[in-house]
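**Q** turn this into a model:
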Amino acid sequence: MAKQSKRYRALRDKLKINGPVALPEAVRLLKTFNTTKFNQTVEVSTHLGIDPKQTDQNVRGSVALPHGIGKSVRVAVFAQGENAEKARAAGADIVGANDLAQQIKGGTMDFDVALATPDMMGVVGPLGRVLGPRGLMPSPRSGTVTTDITSAVREFKAGKIEFRSDKGGNVAAPVGKLNFSDTQLMENITSFLNHLRTVKPTAAKGTYIRTVTISATMSPGIRVVA
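**A** Next comes the predicted model:
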């Protein structure tokens, strides 16, 4: 386990609470941790009542947050012909087909999100072993394989986020920055959690969202009433 800094321990000791708190109180407490020289990213972590060993219980998707995530998102698009032109016009940072695939195979992945049109999956498919572990593999379930490439590029550039469950049944996602207002953070967090509920696997039984925790880059986590 990484050694916790003196600053981190001091912030943790400030949390004189027992159990989860309401979202407004959690956001208020989190913003008191804004003691670094950089603008920390706020993240929501959830533990879900799913069996991650069952493929039909894996959770994956994407959601456009009302206030974005407070950072510039670099979007790469696998497309050709008219779709490639549409992607560039919509603001894509990188557009290509076989040439882009070769760059990625060579280790160049200077982007945060990868999108693809359906006709490009023959090119994208072999990249799964490279893009998959990094959470960058385009997928219809996450909205990153689409025929409407113009809308997809614009949404992800504006702050649409992808999420997926890990081997422990957890889902985590960035939802803004500490300099966001309380209202902006609460609305982004609420939008994420509401959308997460809509993608509950039909095979999952019992309580779906078991725990919710919010934290910043350099802060302890604060449990929120799910």
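
**Q** thought residue 216 was touching residue 43?
**A** Yes - between residue 216 and residue 43 a contact is recorded at 7.5 Å, counting by CB atoms under 8 Å. C-betas here are computed from N, CA, C, even on glycine.

**Q** more crowded one of the two?
**A** Shown here are residue 216 and residue 43; by other CB atoms under 10 Å, residue 216 has more neighbours (22 against 19).

**Q** phi first, then psi, for the nearest residue to that one once chain neighbours are set aside.
**A** Spatial nearest neighbour of residue 216, excluding adjacent residues (CB to CB, 6 or more residues apart in numbering): residue 40 at 4.0 Å. Here the main-chain torsion angles of residue 40 (degrees, to the nearest 10) amount to phi -70, psi 150.

**Q** ok, residue 40 - how many residues close by?
**A** Count around residue 40 with other CB under 10 Å applied: 19.

**Q** got any ranges where this protein has weak pLDDT?
**A** 1-17 (pLDDT under 70).

**Q** need the longest helix for it.
**A** Taking DSSP state H as the criterion, the chain has its longest helix at helix 182-198.

**Q** what is that one packed up against?
**A** For helix 182-198, the packing partners by 3 or more CB pairs under 8 Å, 6 or more residues apart in numbering; DSSP states H and E come out as helix 23-31, strand 41-48, strand 60-64, strand 160-164, strand 170-177, strand 209-216.

**Q** which one of the ones you listed lies closest to residue 147?
**A** Residue 147 sits nearest to strand 60-64 of all the helices and strands packed on helix 182-198, at 15.7 Å, using CB to CB.
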